[in-house]
Structures are given as structure tokens and as C-alpha cells.
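Peer 1: Build me a model:
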Amino acid sequence: MSELALEELSALAAIYCEPDACEVLAVSETHGITFRIQISVKELLDTDVLLKLLFHLPVNYPSTLPDISVSSDQLTRAQCMDVKDKLLEQAKRHLSEPMEYLILQKTSKVDVDSSGKKCKEKMISVLCETKVQAQQKRFQTFEVKEYSRLEELQKEFETAGLTTLFSEFVPPLLK
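Peer 2: Here you go, the predicted structure:
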């Protein structure tokens with residue numbers, strides 16, 4: 001079982017930390033990791049849809065695509081297959097690197113406001129999705145950092161080898 005698969009599972013557990021949101025079903029040196037994520041997402045008509053996502057990360061993941069199963073009492077079988085196809089399409093684009101948490105983050109409510117209540121809107125934005133370059137640092141854990149000055153944030157990006165990303169995406173957010 002790859003270290004990257006375990007890292008990805010750890011990141012997902014940190015993101016989906018509510019009770020029953022992320023559950024490890026099996027971990028095996030010979031068969032890989034199987035886990036389930038249950039998330040509630042808003043549909044176009046503003047109704048909550050409970051998605052049940054079952055992932056199996058094979059032993060040689062992320063060099064091999066994960067097996068994914070999608071189910072929901074509120075969606076048709078065709079709609080569930082469409083969600084699965086979109087997840088697998090993303091997985092193919094990111095073959096050889098962990099990727100599920102980026103896709104799920106964009107479609108689920110995982111943020112809380114300053115009083116600790118769940119937000120109806122996400123407060124996080126995905127700035128960019130790209131393959132990690134050799135000069136870029138890979139983060140081993142998920143952590144939240146707060147900076148009081150823009151220079152501190154810029155230094156963090158520079159340390160991670162993400163100077164171009166900072167220049168391209170952060171200044172426009174401040175306007």
C-alpha cells in the first residue's frame with residue numbers, strides 16, 4: 001500500500017471530520033484501502049442530496065485509478081453514474097497523484113463560520129489544479145494557518161516553491 005494513499009486518506013478524514021462523514025472500511029497490504037464518504041450537497045433546486053461515495057484505493061494507487069461507487073436515495077441511477085464518471089475523469093487527469101479531496105472539496109459543505117456553525121456557502125476557493133512540479137513542496141498534512149500580513153503569506157508560498165501561483169492568483173483576490 002502506498003504512502004500517498006495513506007496521506008490522502010488522512011487528508012480526507014481531516015476534511016470530512018463530522019460523525020459518519022468519512023469511514024475507513026478496510027486497510028490491507030495486499031488489497032489496498034476501502035473507505036466511504038457521505039456528504040450532503042445542494043442541488044439546483046436548493047434541496048440537500050446525500051451522496052454516498054465508496055472508494056477503493058488499490059495497492060499501487062495513485063499509479064492505478066481508484067474504484068469508485070456512487071449512490072444516493074435522491075438521485076437516479078443515471079445521475080449517480082454521471083457523478084462517478086466525472087470523478088473517474090478527474091482521476092484520469094491526475095493519474096499518479098492523489099486527487100479525490102480536491103474534487104470533493106469543491107462540491108461539499110465543509111467550512112464553518114467564526115462561531116463554529118456550518119456555512120451554507122463555502123469559504124474556501126480552489127485557486128488552481130495542476131500537477132506538482134519537482135521544485136514544489138508536497139504538504140504531508142492538512143493544516144490551517146492564519147497570517148496577519150500579506151508578506152507572511154507570500155513567504156509561505158515561496159517556501160513551498162509556489163511563487164508563480166501566489167503572483168498569479170492571490171493579488172487579484174485582494175482587489
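
Peer 1: I'd like to know which elements the longest helix belonging to the chain is packed against.
Peer 2: Taking DSSP state H as the criterion, the chain has its longest helix at helix 77-93. Secondary-structure packing of helix 77-93 (3 or more C-beta pairs under 8 Å, 6 or more residues apart in numbering; DSSP states H and E): strand 67-71, helix 100-107. C-beta: built from backbone N, CA, C; applies to glycine.

Peer 1: swap the cut-off to 7 Å and go again
Peer 2: strand 67-71 (3 or more C-beta pairs under 7 Å, 6 or more residues apart in numbering; DSSP states H and E).

Peer 1: The strand it packs on packs against which elements?
Peer 2: strand 48-57, helix 77-93.

Peer 1: Convert it to CSV, retaining C-alpha atoms only.
Peer 2: Taking C-alpha atoms only, strand 67-71 is exported to CSV below (Å, rounded to 0.1, in the frame of the first residue of the first chain):
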residue,chain,number,x,y,z
ASP,A,67,-12.6,2.1,-7.9
ILE,A,68,-15.5,4.4,-7.2
SER,A,69,-19.1,3.7,-6.4
VAL,A,70,-21.7,6.4,-6.0
SER,A,71,-25.2,6.1,-4.5
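
Peer 1: and the longest helix of the chain with strand 48-57, angle?
Peer 2: Relative orientation of helix 77-93 versus strand 48-57 (axes from the mean of the first three to the mean of the last three C-alpha atoms, to 10 degrees): 50 degrees.
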